[in-house]
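J.: Prediction below, plus the sequence it came from.
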Amino acid sequence: MASLCAGATVLVVGGGLTSIEAATEIAEARPDLGVVLVARGGLGDWLSEKARRHVRAAFDRFGITVREHTDIARVLESGAVTGAGEIIQAEMTVWTAGFAVHPIPTATTLTVSDTGRIVVDETMRSISHPDVYAIGDAALAPGAGGDPLRMSCASGVPTAYQAADAIAARLTGRAVPRNDIGYTGQCVSLGRRDAIVQWVTPDDRPRSTALTGRAAARLEEFVCKSAAWSVSHPTTMMPSRRRRVTATSPNSPHTA
């Protein structure tokens, strides 16, 4: 991006958290560039009304152009082509249109979803191969209310704990703990000094309340720094769970 000349256009493709954050970060860092965000749906349409208003106000402040309800069919060296055949000119295209999982599970006999995620029960155990466990983005796991957990760091750590506890319980003859995985909030940065913390229900539906502005930015920064620090200090920040296994089965569980 540093090599782009003033007046160049950056096209951000996607309508999720990453696209919103990328667009605002670019616009704040390089106000001399034109930033265009293209979304298949509406801008932040999964957020509460308060949060959506704040996102739109931030985009207006940064001068970001939004093209809603627009599909991108093909990316070119000089931009992208919409599903309707329109060419959107851009010197740089940033693709933030979703996650993809490794193709290995699809090449096996494991039961997978249409996106290639391993279908698991609430203990993170494969529904087709009970000696295989899957966690994080690799798993299609039920969350609160029965809806699948979304691919995110907010799902990764809890599913890892759930799988570890279930494996330990089954190896030691203890009761498998309940799956209480649910969500609390979604953090969305809008540049360095602005953000939204959208409070959500355990099944990831937006509540009417949201924290916005500098207070939200400070809270999000604290959450991110805490998460990064906990990775390098796992025994300090994360609860320790140890189970003594007296015997090892030749069919010990495998985790993806």
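T.: Thanks, I have the structure now.

J.: can you pull up the bridge partners for residue 200?
T.: residue 206 (DSSP bridges).

J.: Contact partners for it?
T.: Shown in contact with residue 200 (CB atoms under 8 Å, 6 or more residues apart in numbering): 183-186, 206-207. To be clear about C-beta, it is placed using only N, CA and C from the backbone, and glycine gets the same treatment.

J.: any chance of the residues you listed in a markdown table, plus neighbour count, distance to residue 152 and pLDDT?
T.: Conversion of those to a markdown table gives the following (neighbours: other CB atoms under 10 Å; distance: CB to CB, whole Å; pLDDT from 0 to 100):
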| residue | neighbour count | distance to residue 152 | pLDDT |
| --- | --- | --- | --- |
| 183 | 20 | 9 | 92 |
| 184 | 11 | 12 | 92 |
| 185 | 21 | 12 | 93 |
| 186 | 21 | 9 | 93 |
| 206 | 20 | 15 | 95 |
| 207 | 13 | 18 | 96 |
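
J.: what residues are up against residue 13?
T.: Residues in contact with residue 13 (CB under 8 Å, 6+ apart) are 19, 38, 72, 75, 80, 93-97.

J.: Quickly name whichever of those residues is closest to residue 214.
T.: Closest approach between the contacts of residue 13 and residue 214, by CB to CB: residue 19, at 22.5 Å.

J.: Can you tell me the closest non-neighbouring residue to the closest one?
T.: residue 96 (4.2 Å; CB to CB, 6 or more residues apart in numbering).

J.: Correct me if wrong: that neighbour contacts residue 25.
T.: No. Counting by CB atoms under 8 Å, residue 25 is not a contact partner of residue 96; they are 11.5 Å apart.

J.: Assumed residue 218 was part of a helix.
T.: Yes. When DSSP: H, G, I helix; E, B strand; the rest coil is applied, residue 218 is found to be in a helix.

J.: how close does it sit to residue 210?
T.: Note on residue 218: its distance to residue 210, by CB to CB, to the nearest Å, is 15 Å.

J.: Between these two, which has more neighbouring residues?
T.: Ranked by neighbour count (other CB atoms under 10 Å), residue 218 and residue 210 place residue 210 first, with 23 against 13.

J.: partner residues bridging the more buried one?
T.: With DSSP bridges as the criterion, residue 210 is bridged to residue 198.

J.: Distance check, it against residue 93.
T.: Applying CB to CB to residue 210 and residue 93 gives a distance of 30 Å.

J.: OK, contacts around residue 63?
T.: So residue 63 contacts 27, 31, 34-35 (CB under 8 Å, 6+ apart).

J.: one more time with 6 Å
T.: Residue 63 makes contact with no residue under the criterion CB atoms under 6 Å, 6 or more residues apart in numbering.

J.: Got the phi and psi for it?
T.: Reported as degrees, to the nearest 10, the phi and psi values for residue 63 are phi 70, psi 30.

J.: From residue 76, how far off is it?
T.: 24 Å.

J.: likewise residue 109?
T.: Residue 109 sits at a distance of 40 Å from residue 76 (criterion: CB to CB).

J.: With residue 32 instead?
T.: From residue 32 to residue 76 the distance is 23 Å (CB to CB).
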